[in-house]
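Colleague: This is a predicted model, with the sequence first.
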Amino acid sequence: MSSFWLHPALILLLGGLLLPAIPARLKKGYLLLIPVLAFLRTRAMAHGTFGQVQVLEWTLVFGRVDALSAVFGYIMSLMCVLGTLYGLHVKANGEHAAAWTYVAASLGVIYAGDWLTLFLFWELMALSSVFLVWYRRGPAALAAGYRYLLVHTAGGVALLAGIILHTRGAGATLAFNAFDVSHPTLAGYLILAGFVLNAAVPPLHAWLPDAYGEATFNGSVFLCAFTTKTAVYALCRGFPGMHLLVPLGVAMALYGVVYAVLENDCRRLLAYHIISQVGYMVAGVGLGTDMAINGACAHAFAHILYKGLLFMGCGSVLHMTGESKFTELGGLYKKMPWTFFFTLIGGLSISAFPLFSGFVSKSMIIQAGFEQHLLWAGFLLNLASVGTFLHTGLKVPYFIWFGKNHCKPATWERAGEPPWNMNLAMALTSCLCIFIGCYTPYLYGKLPHPVDYHPYTSYHVSETLQILLFTAVGFFLLIKKLEPEATISLDMDWFYRKGGRAFLWLAKRPIQWADTGVGELYRLAGLVPLMWSARSTGRFDDRVIDGAVDGLAHSVRGLGRRLRGLQRGQVQQSLVVTFAVLAGLVVVYLLVS
Amino acid sequence: MRLLKFIEFLRARLRTVVWLGVGVLLGLVVLDALPGVVVKEHAHTWVERHVPGFWAVFGFVGCVVLIILSKAFGHLGIMTREDYYDE
């Protein structure tokens, strides 16, 4: 190593390892201390290249700190503090350690200066985050976790294949820098496929609502912040200005909105809105101008906070009532008014209301689209904003805290405000959402390019308020159409969930039959003739060869026995007999003649 | 529990709240229509500059279209029973 440089990820990884050794009375303090230390470390890091390690002929770079990585590192380590505070009362050490490892892996990707380091941390993200799903326990979470892991493994393989293709050959380097987006190569497309899978770009997105809807109440708060936004960072770094990303981003912004209309589970609805919001960022990366990249980074920053806040609100409902479906909730403002209030702030922030965080970030991307004369992109992204307010600003708060009370008596009995740490985390995150919306230099000062953008113009405020408030009119007029229905929505995961079953069916039926058929054929056409020929050969061997050999042996034995008689001194007897016979014959001859 | 009292205060006067809301909506469109109040020189297209309340119409129509088309899409077979994958 060139010189000692403390990676903030190391603090979280070591902190997680030591967690089981911490006495119970110090646990809560320790749980807060470690993420705060990691956050302070990211704030204290100077820009430059650090943590270079020589492995064989490769130079690994663990610490590339520049304007782009700094803004993502800052918000991710800050979210780690808020997320840990939210789940402070969770007793399972493993869950805290998994969350910290997940954040550490995200920070590892953010500060990675080479492809190999990026890939290692990229895989660690998937491996650690799956535990946030599995800790929910139960067969549904277990299955969702496995699906999540398998999909990410497929993405990881595409990424690795791209990296291998990209870094082989003369002149290729391991450094993780921007691709030449005007001449994309196969390697570039494979790496892009790995990135967009983690960014949940349709059709590679279904893992997100599947896993985030099944994760633990606090696990989803972490999950919603890191995987997709790390992918946005990687796209900002690797593919700025890749025009393909503009239509993909716009499509995902609308796709998430459409599915959110259909969704009955509040956390899955929020998950679909992650897809929608990340769509703005992906489109921003595709636009590629300084303002668009600034917009993508600013929106990722704001999104991590308000989406974390929304998942905290719905997670509180799940934690306190055990339910997350609209058809099992309703009228909870009497029991959980503060949770409603904080969730509403998250809803207003994501909807980009003036004075809330989304207002100062989302509009940069839309403005960049209009400035490049991509009117269709600008208008469609504004249409997605309509959908965002419709669901997260109106549908979620209305059908959980107001509307018809669908709560079972037990659910109603259980409902109440969450523990102090969850409320505090929501309050702090709410304050940050409003602070970012009101004091723009806080966010704009951290962006990678100089900012020449003023969100608070009379036109922008008027435009936004008209869009959002008239969306509310549409919502209340069509509220009957939006009444929750106890259904699930089929999505792209249908292909691998049903496809997996088709594979199992194939394995159990046709492949098993084929296997049995080949076995039978082998038995009939191979084994039976073989046995017959073996038996015939045995018989031939037994009767012909053995007969001949045995007969010969028998003759030899008889001859031997006779010869043995000669050898045993019985010759004299034979001679006596011979001479006696001869003498008898001579006597007979003499008498006759 | 002051927050709860405030929510119940508003709910008890729902009609007033609705009329206030309608007033805000009308006010927004009127302000947009009055020349010189909202500076439209940076507007991107002709309709934004010359149609008062364009974005209000956009928001309302967009909302209605999204709800109706999404629900129609959902009822094509995308929305299905909850135990669909359990069998």
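Modeller: Nice, thanks for sending it over. Residues are numbered from 1 along each chain as shown, chains lettered A, B, ... in the order given.
Colleague: Just the buried residues of stretch A:291-302, please?
Modeller: Neighbour-count burial for stretch A:291-302, with 16 or more other CB atoms under 10 Å in any protein chain shown as criterion, is recorded at A:291, A:292, A:293, A:294, A:295, A:296, A:297, A:298, A:299, A:300, A:301, A:302. Any C-beta I mention is one placed from the backbone N, CA and C, and that applies to glycine too.
Colleague: Tell me how far the first one lies from residue A:351.
Modeller: This means residue A:291. 22 Å (CB to CB, to the nearest Å).
Colleague: Kindly report the same for the second one.
Modeller: Look at residue A:292 and residue A:351: by CB to CB, they are 21 Å apart.
Colleague: In a markdown table, list the buried residues of stretch A:291-302 along with secondary structure and distance to residue A:562.
Modeller: Converted to a markdown table, these look like this (DSSP: H, G, I helix; E, B strand; the rest coil; distance: CB to CB, whole Å):
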| residue | secondary structure | distance to residue A:562 |
| --- | --- | --- |
| A:291 | helix | 119 |
| A:292 | helix | 115 |
| A:293 | helix | 112 |
| A:294 | helix | 117 |
| A:295 | helix | 116 |
| A:296 | helix | 111 |
| A:297 | helix | 112 |
| A:298 | helix | 116 |
| A:299 | helix | 113 |
| A:300 | helix | 109 |
| A:301 | helix | 113 |
| A:302 | helix | 116 |
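Colleague: Which single residue of chain A approaches chain B most closely?
Modeller: Closest to chain B within chain A is residue A:474: 3.1 Å, counting by CB to the nearest CB.
Colleague: And the next helix or strand past the stretch of helix or strand that residue belongs to?
Modeller: For residue A:474, the element it lies in under DSSP states H and E is helix A:458-477. Helices and strands here follow DSSP H and E; after helix A:458-477, the next one along the chain is strand A:488-489.
Colleague: The helix or strand just after that next one near chain B at all?
Modeller: As assigned by DSSP H and E, the chain's next helix or strand after strand A:488-489 is helix A:493-508. Yes - Helix A:493-508 lies within reach of chain B by CB under 8 Å from any CB of the partner chain, at residue A:497.
Colleague: Equivalent analysis for stretch A:442-453, please.
Modeller: No - Stretch A:442-453 does not reach chain B (CB under 8 Å from any CB); its nearest approach is 11.4 Å.
Colleague: What is the end-to-end distance of that stretch?
Modeller: End-to-end distance of stretch A:442-453: 14 Å, with CA to CA, to the nearest Å as the criterion.
Colleague: what residues does that stretch touch?
Modeller: For stretch A:442-453, the external contacting residues (CB atoms under 8 Å, 6 or more residues apart in numbering or on different chains) are A:66-68, A:70-71, A:74, A:236, A:290-291, A:293-294, A:297-298, A:301-302, A:357, A:360-361, A:364, A:367, A:435-436.
Colleague: List the contacts of residue 73.
Modeller: You didn't say which chain, so I picked chain A. Contacts of residue A:73 by CB under 8 Å, 6+ apart are A:8, A:42, A:45, A:65, A:107, A:110, A:111.
Colleague: let's do chain B instead
Modeller: Residue B:73 neighbours (CB under 8 Å, 6+ apart): A:258, A:262.
Colleague: can you check the one 4 residues further on too?
Modeller: Applying CB under 8 Å, 6+ apart, we find residue B:77 in contact with residue A:490.
Colleague: re the thing from before, between the buried residues of stretch A:291-302, which sits nearest residue A:200?
Modeller: residue A:300 (13.4 Å; CB to CB).
Colleague: and that closest one, what does it touch?
Modeller: Contact partners of residue A:300, counting by CB under 8 Å, 6+ apart, are A:72, A:75, A:229, A:232, A:233, A:281.
Colleague: Select, from the residues you listed, the two members most distant in space.
Modeller: Across those, no pair lies farther apart than A:75 and A:281, at 12.9 Å, counting by CB to CB.
Colleague: Which neighbours do those two have in common?
Modeller: Joint contacts of residue A:75 and residue A:281 (CB under 8 Å, 6+ apart) are A:229, A:300.
Colleague: between those two, which one's more packed in?
Modeller: Neighbours of residue A:75 and residue A:281, each counted by other CB atoms under 10 Å in any protein chain shown, are more numerous for residue A:281; the result is 33 against 25.
Colleague: which SSE is residue A:61 in?
Modeller: Assigned by DSSP H and E, residue A:61 falls within strand A:58-65.
Colleague: how about the next helix or strand after that strand: buried residues?
Modeller: Under the assignment DSSP H and E, the closest C-terminal helix or strand after strand A:58-65 is helix A:67-86. Within helix A:67-86, the residues that count as buried by 16+ other CB under 10 Å are A:68-86.
Colleague: now swap in stretch A:394-402 and tell me
Modeller: A:394, A:395, A:396, A:397, A:398, A:399, A:400, A:401.
Colleague: what does it contact?
Modeller: Identification of contacts with stretch A:394-402 by CB under 8 Å, 6+ apart yields A:260, A:266, A:269-270, A:310, A:314, A:317, A:326, A:329-333, A:336-337, A:340, A:343-344, A:347, A:471-472, A:475, A:479, A:482, A:484.
Colleague: Please produce a PyMOL select command covering the buried subset of the residues you listed.
Modeller: For the buried members of those, the matching PyMOL selection, counting by 16+ other CB under 10 Å, is:
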select buried, chain A and resi 260+266+269+270+310+314+317+326+329+330+331+332+333+336+337+340+343+344+347+471+472+475+482+484
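Colleague: which ones among the contacts of stretch A:394-402 are found in helices?
Modeller: Members of those lying in helices (criterion: DSSP state H): A:260, A:266, A:269-270, A:310, A:314, A:317, A:337, A:340, A:343-344, A:347, A:471-472, A:475.
Colleague: Tell me the helix or strand right after the one helix or strand in chain B whose mean pLDDT sits lowest.
Modeller: Within chain B, no helix or strand scores below helix B:46-50, which has a mean of 87 by mean pLDDT, DSSP states H and E. Following helix B:46-50 in sequence order, the next helix or strand is helix B:54-73 (DSSP H and E).
Colleague: Now do that next one, average pLDDT.
Modeller: Across helix B:54-73, the average pLDDT comes to 94.
Colleague: Pull out the buried positions in that helix.
Modeller: Of all the residues in helix B:54-73, those buried under the rule 16+ other CB under 10 Å are B:54-60, B:62-64, B:66-67, B:70-71, B:73.
Colleague: what's the straight distance from one end of stretch A:63-72 to the other?
Modeller: One end of stretch A:63-72 to the other measures 13 Å (CA to CA).
Colleague: tell me the phi and psi of residue A:182?
Modeller: Dihedral angles of residue A:182 (phi, psi; degrees, to the nearest 10) stand at phi -80, psi -20.
Colleague: Relative to residue A:54, how far out is it?
Modeller: Residue A:182 is 34 Å from residue A:54, where distance means CB to CB.
Colleague: How about the contacts made by the residue nearest the centre of chain A?
Modeller: When CA atoms, centre = their mean is applied to chain A, the residue found nearest the centroid is residue A:152 (3.9 Å). If a contact means CB under 8 Å, 6+ apart, then residue A:152 has A:126, A:197, A:198, A:207 as its contacts.
Colleague: Next, the angle from the host helix or strand of it to helix A:493-508.
Modeller: Per DSSP H and E, residue A:152 falls inside helix A:139-167. Interaxial angle, helix A:139-167 versus helix A:493-508 (axes from the mean of the first three to the mean of the last three CA atoms, to 10 degrees): 100 degrees.
Colleague: Buried residues, helix A:139-167. List them.
Modeller: By neighbour count with 16+ other CB under 10 Å, helix A:139-167 contains the buried residues A:141, A:144-145, A:147-149, A:151-152, A:154-156, A:158-163, A:165-167.
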